[in-house]
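1. Kindly generate the corresponding structure for this input.
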Amino acid sequence: MDNRPDIWQHLKDHEAVPPAELRQRLLLILDTLAVDHAAENGAMEDRAIFQRLLEHTISPPAEVSGAITAAIKSVHPPKPTRRTYLPYTAAAACILLIMLSVSLYRGTASHGTHKGSLVAIKPATPAASAIIPTKSAQTAKSDSSVNISAVQAEPLQLSLAADGDQLSLVDNNILATFVDYKYPALKNFVEEEKADATIRIHLDQYTDITLSPAMTATLKTLYDTRPDGTPDRRARKTREKLGKWEARDKKQFDAHPGSNPLDPIDLGEFIFPPFFSFGRHSAHTALADTSPPASQAQTTHSQTTVPLTISYSLTLLTPRANNNMAETYNGGMQTLFDDGDHARLRLASLMRIQSIFLPSDRQTVTMLAESAKPQLKTVLTADQWLRYNAKYANATCDLTADTGTILGYPCKKALITLHDGRKITAWYTPRIQEPAQSVLEPAFAAIPGLVLRYQYTCRRKTLRYTAATVSRRPIDPTVFNLP
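-> So this is what the prediction gives:
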């Protein structure tokens, strides 16, 4: 009975035919009436009416039809209409196409960088000079020229806490030292560490950086070998991944000097990228001419008479554990040196080492990418440095009543808000005045004291700098030597 709807359709179309014997009797009666009363009663017309009655279709009553239809539907409910997912399929296809295009774009941009190799930057390229706009055509020659040159310097040392070995950094780059496979002692040191351990690297008397457990686990796979002693597939994949990270970092900070890895906003927005990113994101792609008159552009000479060294530890605060490029900066250290005459701000991390130098005359600012090969040096005038940091030109600083203590110093909270809404939270101590910090870190220009902790939150992830040490001891003069 699975075809009940079809049976009902036939029932509605059925024609009731009278039995044969009854039809013959009716015809006989009509014929008799036709002979006897043909003139009076018109029996032939009655015969025609009967003939039409034979051809008549009898339809069932409407209430019977409705009841039967309802009964059939209750036993065999109609199949649901099949939905069409064409719009969703098209949207998914578009998303996949966009992701594939971005991947191809990035792959093309990084093509030619072999694993962990570094890309040399040509000095004094027109594109690099163009990031500092001129104030006017009359001052273009003297004010917009940017001195960019490649230099070489003595490499730093890397100390292993296990046995005190001193290892020279390969290309002055900590990451390159790990992936170069040059030092068996380094390989043994990493392999002996537990997967959840935190590795501490000693660079010099001022700088100790740490590698997070996630980064330690990554480096352990870097030294996995086959029975013949050569790197296995996991090790090769890890080295290739680290090489891609390094190429992206160089493209952001070396090929485009408009991005400053010592700036919390520039660094935070690079290591915490959006889910979809089209092209290179930089806050300096189109700087407006916001420099003050020349009389105001001169930076204030530091009044510090006692040397000051303050080191900040970099920490990533994220909703979930990181296993991406951001971990190469997690545990890094940013140090401010000021002897009252010279000043220097240095960032040291697994990924890169970079410094900003401020000479005694305060007329220039020199940026040095120390972990590049060759090292890249960029010299900016005081006016150019102000325009380089144009995003802080119209920033507001709200000095709140919140208080706390960091390294034994009483601190107050300040909220720095840029004109586009981005915010930096800082804790400072009024007990120490450090003019060099406001020059090398323009975000703190309006804060009346030394900043001991600050952080920038980007896409629900936070990059935090916390003072680990504050020292008044004499500083080695070589710290301020430019190569």
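2. in stretch 312-329, what counts as buried?
-> Buried residues in stretch 312-329, counting neighbours by 16 or more other Cβ atoms under 10 Å, are found at 312-316, 322, 325-329. Heads up, the C-betas are built off the backbone N, CA and C, glycines and all.
3. where exactly do the strands run in the stretch 101-250 of the chain?
-> All strands of the stretch 101-250 of the chain, identified by DSSP state E, counting those that start in this stretch, fall at 147-151, 157-159, 166-168, 199-204, 207-211.
4. For the stretch 1-150 of the chain, which residues score under the pLDDT cut-off?
-> For the stretch 1-150 of the chain, the stretches with pLDDT under 70 are 1-24, 26-87, 101-150.
5. got it, and the stretch 301-450 of the chain?
-> Counting by pLDDT under 70, the stretch 301-450 of the chain has low-confidence residues at 301-304.
6. Kindly recompute the last result at 90.
-> The stretch 301-450 of the chain contains residues with pLDDT under 90 at 301-306, 319-324, 361-362, 372-375.
7. Can I get stretch 336-351 in PDB? Just the C-alpha atoms.
-> Provided in PDB are the C-alpha atoms of stretch 336-351 (Å, rounded to 0.1, in the frame of the first residue of the first chain):
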ATOM      1  CA  LEU A 336      67.900  51.200  28.600                       C
ATOM      2  CA  PHE A 337      71.400  52.500  29.200                       C
ATOM      3  CA  ASP A 338      72.200  56.100  30.200                       C
ATOM      4  CA  ASP A 339      75.500  57.400  31.500                       C
ATOM      5  CA  GLY A 340      74.400  61.000  31.500                       C
ATOM      6  CA  ASP A 341      76.100  61.700  28.200                       C
ATOM      7  CA  HIS A 342      75.100  58.800  25.900                       C
ATOM      8  CA  ALA A 343      72.000  56.700  25.900                       C
ATOM      9  CA  ARG A 344      71.100  53.400  24.200                       C
ATOM     10  CA  LEU A 345      68.000  51.200  24.100                       C
ATOM     11  CA  ARG A 346      68.600  47.600  23.100                       C
ATOM     12  CA  LEU A 347      66.200  44.700  22.400                       C
ATOM     13  CA  ALA A 348      67.600  41.200  22.700                       C
ATOM     14  CA  SER A 349      65.500  38.100  21.900                       C
ATOM     15  CA  LEU A 350      65.800  34.800  20.200                       C
ATOM     16  CA  MET A 351      64.600  36.300  16.900                       C
END
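8. now, which of the buried residues of stretch 312-329 sits nearest residue 373?
-> Closest approach between those and residue 373, by Cβ to Cβ: residue 328, at 17.1 Å.
9. quick one, which of the strands of the stretch 101-250 of the chain is packed in tightest?
-> With neighbours defined as mean count of other Cβ atoms under 10 Å, those peak in mean count at strand 207-211, which reaches a mean of 21.
10. average pLDDT for it?
-> Average pLDDT, strand 207-211: 92.
11. Mind listing residues that contact that strand?
-> Outside strand 207-211, the residues that touch it by Cβ atoms under 8 Å, 6 or more residues apart in numbering are 174, 198-203, 219, 311, 313, 331-333, 335, 346, 348-350.
12. can you pull out the strands in the stretch 301-450 of the chain?
-> Here the stretch 301-450 of the chain has its strands, by DSSP E, counting those that start in this stretch, at 308-317, 333-338, 343-348, 353-358, 364-369, 375-381, 396-406, 409-417, 423-429, 450-458.
13. can I get the ones you listed in JSON lines with distance to residue 166?
-> Output for the strands of the stretch 301-450 of the chain, formatted as JSON lines (distance: least, Cβ to Cβ, whole Å):
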{"stretch": "strand 308-317", "distance to residue 166": "21"}
{"stretch": "strand 333-338", "distance to residue 166": "19"}
{"stretch": "strand 343-348", "distance to residue 166": "17"}
{"stretch": "strand 353-358", "distance to residue 166": "17"}
{"stretch": "strand 364-369", "distance to residue 166": "23"}
{"stretch": "strand 375-381", "distance to residue 166": "21"}
{"stretch": "strand 396-406", "distance to residue 166": "33"}
{"stretch": "strand 409-417", "distance to residue 166": "34"}
{"stretch": "strand 423-429", "distance to residue 166": "36"}
{"stretch": "strand 450-458", "distance to residue 166": "32"}
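14. right, and these - which one's nearest residue 272?
-> Among the strands of the stretch 301-450 of the chain, strand 450-458 comes nearest to residue 272, with 4.6 Å by Cβ to Cβ.
15. Residues contacting the closest one, please?
-> Contact with strand 450-458 is made by 264-265, 268-269, 272, 310, 312, 317, 406-407, 409, 411, 422-429, 431-434, 437, 441, 443-444, 462-467, 470, as judged by Cβ under 8 Å, 6+ apart.
16. same thing with stretch 258-266?
-> So stretch 258-266 is in contact with 131, 252-253, 267, 270, 282-285, 287, 334, 345, 347, 352, 354, 356, 367, 388-389, 391, 418, 422, 424, 440-441, 443, 454-456, 458, 463, 465, going by Cβ under 8 Å, 6+ apart.
17. Now a PyMOL select for only the buried ones of these.
-> Selection of the buried residues among the contacts of stretch 258-266 in PyMOL, burial being defined by 16+ other Cβ under 10 Å:
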select buried, resi 131+252+253+267+270+282+283+284+287+334+345+347+352+354+356+367+388+389+391+418+422+424+440+441+443+454+455+456+458+463+465
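18. So what's the residue count around residue 191?
-> Residues lying near residue 191 (other Cβ atoms under 10 Å) number 12.
19. That one reaches residue 220, doesn't it?
-> Yes - if you go by Cβ atoms under 8 Å, residue 191 and residue 220 touch, sitting 6.6 Å apart.
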